[in-house]
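> When you get a sec, could you give me coordinates for this:
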Amino acid sequence: MKIVIAMDSLKGSLTSLEAGCAAAEGIRRVFDDAQILIRPMADGGEGTAAALTYGRDAVNETVPVTGPLGQPIEVTYSRFPETGTAVLEMAAAAGLPLVPAHQRDPLKTTTYGVGELIRDAIHKGCRRFILGLGGSATNDGGVGMLTALGYDFLDRDSRPIGPGALGLSHLHAISEEHVLPQLKECQFLAACDVTNPLCGSQGCSVVFGPQKGADAVMAASMDQWMARYASLAKALYPQADPEAPGSGAAGGMGFALCAFLGASLRPGIQMILEETGLEAAIRQADVVITGEGRMDGQTAMGKAPAGIAQAAKRYGKPVLALVGSVSCDVSSRCQLGIDAVFPILRSPITLEEAMEPARAKANMADTAQQVFRLWSICQAAD
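Residues are numbered from 1 along each chain as shown. Predicted structure coming up:
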């Protein structure tokens with residue numbers, strides 16, 4: 001029996017890999033000879049790099065870079081020397097968890113460290129880049145990253161603008177005179193699971209600015225500055241499109257990657273399926289297991305379980321979901337391609353108790369065991 005387990009994390013409780021291993025433990029209590037392939041999953045945010053590199057011959061590089069508040073931090077990224085590919089998570093260098101809640105201020109936070117990671121990988125021979133864009137603390141339009149790669153963003157006096165969104169308020173001109181020449185040889189792919197444009201009522205400043213510390217007045221100002229930035233970028237690169245879906249991802253990083261670096265934006269789960277060969281494994285499987293912490297109406301909006309189920313249904317494979325909890329609005333699960341959903345809670349307990357890692361692992365294993373006991377009975381009946 002061939003089983004593919006590709007679960008998202010149960011955030012705050014189990015990583016994607018831990019959840020998958022727990023499910024496999026329960027399955028083996030019933031089918032001890034099952035061929036089980038476990039693959040960690042992510043949707044473009046935290047865990048994307050791990051999902052893309054798990055079980056593959058990657059070299060991990062730890063380098064000092066500039067954190068979102070300008071502080072020195074150390075960040076690890078992965079590279080594949082044989083293909084010259086680097087895998088980075090933007091949040092590792094410019095993520096919200098790196099900024100204490102009382103210091104969150106998109107006027108100040110910068111993506112400069114992301115550019116330093118790319119620069120380091122370029123100097124180590126990488127020419128193909130895969131970036132996860134989720135979880136940013138920034139709203140600088142990717143200007144910090146581009147500055148680290150040699151682009152000049154200048155004010156009216158031809159001086160470099162400052163970091164963060166506040167720097168954009170002084171932006172008057174953009175120059176590529178000092179850009180790293182190797183960038184012309186580079187290809188960029190970005191895992192992006194939002195479709196927001198750069199500016200406007202659905203743009204990054206208005207929609208995502210508040211979670212990064214912006215109030216309504218600040219968000220409106222940042223939106224105006226972002227629009228002027230986009231206009232200047234379009235004068236330099238006519239193909240720049242601030243209205244393109246995903247341009248507003250990660251505080252405008254999506255726009256910077258596409259306009260300046262010619263990147264392609266793809267849903268995170270699609271990228272993982274393509275890059276890891278997971279779809280080929282799904283095609284050979286007898287059953288596919290997926291899941292997440294909470295299955296609700298958001299699952300259909302690009303989350304990993306939906307992507308896994310859709311891939312499985314291309315080959316007519318049954319899909320079972322093991323989840324921490326399920327809301328009453330998952331009637332669309334059949335349209336997603338998920339055949340049955342099994343919450344793993346075994347008794348009435350508090351949320352805190354349910355999220356204890358040891359308990360969550362036990363619940364996951366026990367639920368998987370019961371599901372596959374039923375599966376074995378059905379097989380015997382056939």
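> Next, work out how far apart P305 and V341 are.
Counting by CB to CB, to the nearest Å, the gap from P305 to V341 is 9 Å. For glycine as for every other residue, the C-beta is placed from the backbone atoms N, C-alpha and C.
> Which one's more surrounded, these two?
Shown here are P305 and V341; by other CB atoms under 10 Å, P305 has more neighbours (29 against 18).
> can you pull the contacts of the closest residue to that one other than its chain neighbours?
Leaving aside its sequence neighbours, P305 sits nearest to T290 (CB to CB, 6 or more residues apart in numbering; 4.4 Å). T290 is in contact with 5-8, 41, 304-305, 308-309, 319-322, 338, counting by CB atoms under 8 Å, 6 or more residues apart in numbering.
> Next one: Q103 relative to L278, how far apart?
From Q103 across to L278, the span is 39 Å (CB to CB).
> Compare those two (neighbour count), which wins?
The neighbour count for Q103 versus L278, taken as other CB under 10 Å, is higher for L278 (21 against 13).
> end-to-end on stretch 242-262?
End-to-end distance for stretch 242-262, by CA to CA, to the nearest Å: 14 Å.
> Could you pull up the mean pLDDT of stretch 58-77?
Mean pLDDT, stretch 58-77: 96.
> same check, this time on stretch 324-339
So the average pLDDT for stretch 324-339 ends up being 70.
> what do P305 and V341 both touch?
Counting by CB under 8 Å, 6+ apart, the shared contacts of P305 and V341 are 295, 321.
> helices and strands around the longest helix along the chain, which ones?
As assigned by DSSP state H, the longest helix anywhere in the chain is helix 357-381. Helices and strands touching helix 357-381, by 3 or more CB pairs under 8 Å, 6 or more residues apart in numbering; DSSP states H and E, are helix 16-28, strand 319-323, strand 340-343, helix 351-354.
> at 7 Å instead, please
helix 16-28, strand 319-323 (3 or more CB pairs under 7 Å, 6 or more residues apart in numbering; DSSP states H and E).
> Can you name the residues in contact with it?
Contact partners of helix 357-381, identified using CB atoms under 7 Å, 6 or more residues apart in numbering, comprise 10, 13-14, 18-19, 22-23, 25-27, 29-31, 320, 322, 342, 344-346, 353-354.
> what's the answer for stretch 150-160, then?
143, 147, 161, 170-180, 260.
> Now do A94 against G200, distance only.
To G200, A94 is 23 Å away according to CB to CB.
> quick one, which of the two is more surrounded?
A94 (35 against 17).
> so where is the chain shaky, pLDDT-wise?
Scanning the chain with the threshold set as pLDDT under 70 gives 43-44, 297-302, 328-335, 382.
> Can you give me the first-to-last residue distance of stretch 308-325?
19 Å.
> okay, the contacts of T290 in a markdown table with distance to A190 next?
Shown next, in a markdown table, are the contacts of T290 (distance: CB to CB, whole Å):
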| residue | distance to A190 |
| --- | --- |
| I5 | 27 |
| A6 | 21 |
| M7 | 23 |
| D8 | 19 |
| M41 | 18 |
| A304 | 17 |
| P305 | 21 |
| I308 | 20 |
| A309 | 23 |
| V319 | 27 |
| L320 | 31 |
| A321 | 27 |
| L322 | 30 |
| I338 | 27 |
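> Could you report the neighbour count for S376?
Applying other CB under 10 Å, I find that S376 has 12 neighbouring residues.
> What's the local residue count around the closest residue to E116 other than its chain neighbours?
Distances taken as CB to CB, 6+ apart put V65 closest to E116, at 4.2 Å, once the chain neighbours are dropped. Look at V65: counted by other CB under 10 Å, it has 21 neighbours.
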